[in-house]
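> I need the structure of the sequence given here:
(one chain, ligands or ions: 1)
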Amino acid sequence: MDTSFRIFVVEDDPTYMRMLRYFLELNPDHEVHVFDTGAACLDKLNLNPHLISLDYSLPDMTGEEVLERIKHYDQNIPVVILSGQQDVETAVKLIRNEGAYDYITKSEDFRARLENDIKQIKQKIDLEEEVDQLRREVVAKYEFSKSVIGASPAMQRVFRLMEKAVRTNITVSIHGETGTGKEVVAKSIHYNSTRRDGSFVAVNMGAIPRDLLESELFGYEKGAFTGAVTRKKGQFELSDKGTLFLDEIGEVGLNLQAKLLRAIQEREIVRVGGEEPIPFDARIIIATHKDLGEEVKAGRFREDLYYRLLGLTIELPPLRDRGNDVFLLANSFLKEFSKQNGLSSLLLTKEAKNKLLGYSFPGNVRELRAVIELAAVMADESEGILADDIQFRSIRKEDAFLTEELTLEEYKRLIIHHFLKKYENDVIKVAEKLDIGKSTIYRMLKEEKEEVEQAG
Ligand SMILES: Nc1ncnc2c1ncn2[C@@H]1O[C@H](COP(=O)(O)OP(=O)(O)OP(=O)(O)O)[C@@H](O)[C@H]1O
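Have a look, this model is predicted:
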């Protein structure tokens, strides 16, 4: 970033010219340009000076005329008039009516006054930059919340991290269960960053067969393998100047991990069948629902690549931890769906809301979207969305339960504890619900107690 403070000195008196240049250049941040005519100064206004010190009597035109033309070019450039004589009337006129920043007579204290003006102008610029930065942040927030819906504290944390991500080029790793919006977040970071004019390229590493993944990512040269009849660019090259979103990074095999590490470290790739390194300039965003740390421990993911990719980590909370965001999202999906299908906007009834809130959404926002779309189809327009219109069809919860692969005895304990919790430790009721004897429950609790005592 250019941090210099550009000052134009318009002065035809050689002594003053030298003196001004000398003391202004004492500050190494100052970039001083000196002109001995008004025309020469006007000619260089495209350099965007931060301040112009203008002698009132120049050989080619009056100071007033130069001032007018400077203000015509850009009324925000501060112009300080330096005059040989004190003329209060002219000073007032120039400052009040013509937009001069100050009027200084070339007397003993003129240097101190000019320095003071410079200080104030710099403070104003700093302040303006601060306001601009705040404005950018507000705009960014607004943009995020347009594409990534959420107001819960858990999502506010996500927004704060996204704000940090958009300001830099740092690698971002997004972790979250399926359907939590990892791709939405990645896209929103891209479109709010300075790379927004480049492409957002998403590659789902889990969806591409392993033997095709390398050529998909790095491209290939003509004749690299049977079927490679022309040269083809890979996703790394296609995302140049933009963002490369590597989804399901945990699915990549160890062989390709080594090549990915090399590419990311060197910032260049080699096409399959090629030799020449090709530089790329893309921000990398990765996403995974797996715990990559655990994958490293299990030897399925390279530790060096893991640290390379970690960057700024965004943990996307599951929908069940986002409280009332479920209504915000549901309403937004309803609005979108009604608009697309030319329907009038449907509202959620209280019962429907309670039903949504009581459900754990193992498929997260993607599942909510499907549930809401179906509800909109089922609902009667005059009644809005009723509880009965909301139908959950997820099988994932049971799946997750079974993939734990416990023993039958362990499953039995899990189920009994679940019911005990639900019925506030009412053993008789639980026995009744599960159709087992009370003694089975008491025996299990006793066994568990003994196990704990033995362990302790
Ligand atoms: N906060 C959100 N606001 C609006 N829509 C969202 C939000 N989160 C997710 N969605 C929507 O939910 C669906 C799933 O989102 P997305 O594909 O980004 O999830 P994901 O975490 O990348 O899924 P996967 O783990 O399967 O790759 C999309 O239709 C997306 O538009």
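> how about the strands in the protein?
Ranges of strands in the chain, per DSSP state E, are 5-10, 30-35, 51-55, 79-83, 102-105, 172-175, 200-204, 219-220, 232-233, 243-247, 268-270, 277-279, 283-288, 312-315.
> and the residue of the protein closest to the ligand?
Nearest residue of the chain to the ligand (C-beta to the nearest ligand atom) works out as residue 181 at 2.5 Å. C-beta here means a position set from N, CA and C on the backbone, and glycine is covered the same way.
> so what's that residue up against?
Residues in contact with residue 181 (C-beta atoms under 8 Å, 6 or more residues apart in numbering) are 148, 316, 364, 365.
> okay, the strands of the chain in a markdown table with distance to the ligand and mean neighbour count next?
Output for the strands of the chain, formatted as a markdown table (distance: least, C-beta to the nearest ligand atom, whole Å; neighbours: other C-beta atoms under 10 Å):
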| stretch | distance to the ligand | mean neighbour count |
| --- | --- | --- |
| strand 5-10 | 44 | 22 |
| strand 30-35 | 47 | 18 |
| strand 51-55 | 47 | 25 |
| strand 79-83 | 50 | 22 |
| strand 102-105 | 53 | 20 |
| strand 172-175 | 8 | 24 |
| strand 200-204 | 7 | 18 |
| strand 219-220 | 24 | 22 |
| strand 232-233 | 24 | 16 |
| strand 243-247 | 5 | 25 |
| strand 268-270 | 24 | 19 |
| strand 277-279 | 28 | 14 |
| strand 283-288 | 6 | 25 |
| strand 312-315 | 11 | 16 |
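> closest to residue 341 out of these?
Between residue 341 and those, the shortest gap by C-beta to C-beta is with strand 200-204, which sits at 27.3 Å.
> strand partners (parallel or antiparallel) of that closest one?
strand 243-247 (parallel) (DSSP bridges).
> may I have the partner strand as PDB, with CA atoms only?
Once non-C-alpha atoms are left out, strand 243-247 reads as follows in PDB (Å, rounded to 0.1, in the frame of the first residue of the first chain):
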ATOM      1  CA  THR A 243     -10.900 -19.400  -5.000                       C
ATOM      2  CA  LEU A 244     -10.500 -23.100  -5.100                       C
ATOM      3  CA  PHE A 245     -12.900 -24.900  -2.800                       C
ATOM      4  CA  LEU A 246     -11.700 -28.500  -2.000                       C
ATOM      5  CA  ASP A 247     -14.700 -30.200  -0.500                       C
END
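> surely residue 244 touches residue 282?
Yes - taking C-beta atoms under 8 Å as the definition, residue 244 is a contact partner of residue 282 at 4.5 Å.
> circling back: now, which of the contacts of residue 181 lie close to the ligand?
Within the set of the contacts of residue 181, contact with the ligand (C-beta under 6 Å from any ligand atom) is found for 148, 365.
> widest-spaced pair of the contacts of residue 181?
The span of the contacts of residue 181, defined through C-beta to C-beta, is set by 148 and 364 at 13.3 Å.
> higher neighbour count, those two?
Ranked by neighbour count (other C-beta atoms under 10 Å), residue 148 and residue 364 place residue 364 first, with 23 against 19.
> pLDDT score assigned to the closest residue to that one other than its chain neighbours?
Nearest non-adjacent residue to residue 364, counting by C-beta to C-beta, 6 or more residues apart in numbering: residue 179, 3.7 Å away. Residue 179 carries a pLDDT value of 94.
> just residue 224 next, same as before
78.
> residue contacts, the residue nearest to it when sequence neighbours are not counted?
Residue nearest to residue 224 in three dimensions, not counting chain neighbours: residue 273, with 2.5 Å by C-beta to C-beta, 6+ apart. Residues in contact with residue 273 (C-beta under 8 Å, 6+ apart) are 220, 221, 222, 223, 224, 225, 228.
> who touches the residue nearest to residue 364 in this structure?
Under the criterion of C-beta under 8 Å, 6+ apart, the neighbours of residue 179 are 319, 363, 364, 365, 366, 367.
> including pLDDT, could those go into a markdown table?
As requested, the contacts of residue 179 are exported to a markdown table (pLDDT from 0 to 100):
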| residue | pLDDT |
| --- | --- |
| 319 | 95 |
| 363 | 90 |
| 364 | 94 |
| 365 | 96 |
| 366 | 94 |
| 367 | 94 |
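> give the contact list for residue 107.
Residue 107 sits in contact with residue 86, where contact means C-beta under 8 Å, 6+ apart.
> who in the stretch 201-350 of the chain is up against the ligand?
247, 289, 329.
> ok, back up a step: quick one: the residue nearest to residue 364 from residue 390, how far?
Note on residue 179: its distance to residue 390, by C-beta to C-beta, to the nearest Å, is 17 Å.
> for residue 327, which non-adjacent residue is spatially closest?
In this structure, residue 327 finds its nearest non-sequential neighbour in residue 353, 6.2 Å apart by C-beta to C-beta, 6+ apart.
> give me the number of residues near the one you found?
What residue 353 shows, counting by other C-beta under 10 Å, is a neighbour count of 18.
> got it, and residue 226?
For residue 226, the count of nearby residues is 6 (other C-beta under 10 Å).
> same thing with residue 328?
Quick note: residue 328 (other C-beta under 10 Å) scores 17 neighbours.
> quick one: low-confidence ranges for this protein?
For the chain, residues meeting the criterion pLDDT under 70 lie at 1-2, 135-145, 394-405, 456.
> care to break it down by domain?
Following automatic domain parsing, one gets these domains for the chain: 5-125, 148-315, 320-396, 406-455.
> would TSV of those domains with distance to residue 132 be doable?
Formatted as TSV, the domains of the chain follow (distance: least, C-beta to C-beta, whole Å):
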stretch	distance to residue 132
domain 5-125	10
domain 148-315	13
domain 320-396	30
domain 406-455	54
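> check the offset of stretch 377-387 from the chain's centre.
For stretch 377-387, the separation from the chain centroid amounts to 37 Å (computed by C-alpha atoms, centre = their mean, to the nearest Å).
> in that stretch, what counts as buried?
379, 384, 385, 386 (16 or more other C-beta atoms under 10 Å).
> just put these in TSV and tack on distance to the ligand.
TSV is the format used below for the buried residues of stretch 377-387 (distance: C-beta to the nearest ligand atom, whole Å):
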residue	distance to the ligand
379	20
384	22
385	18
386	24
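> closest to residue 157 out of these?
Distance to residue 157 across these (C-beta to C-beta) is lowest for residue 385, with 30.0 Å.
> surely that closest one and residue 379 touch.
Yes - at 4.8 Å, residue 385 and residue 379 qualify as touching, with contact defined as C-beta under 8 Å.
> which non-adjacent residue is nearest residue 199?
residue 242 is the one closest to residue 199 (C-beta to C-beta, 6+ apart), at 4.1 Å.
> could I get the strands of the chain as a markdown table with distance to residue 407?
Listed next are those as a markdown table, based on distance: least, C-beta to C-beta, whole Å:
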| stretch | distance to residue 407 |
| --- | --- |
| strand 5-10 | 75 |
| strand 30-35 | 77 |
| strand 51-55 | 80 |
| strand 79-83 | 85 |
| strand 102-105 | 86 |
| strand 172-175 | 30 |
| strand 200-204 | 36 |
| strand 219-220 | 49 |
| strand 232-233 | 51 |
| strand 243-247 | 35 |
| strand 268-270 | 48 |
| strand 277-279 | 54 |
| strand 283-288 | 30 |
| strand 312-315 | 32 |
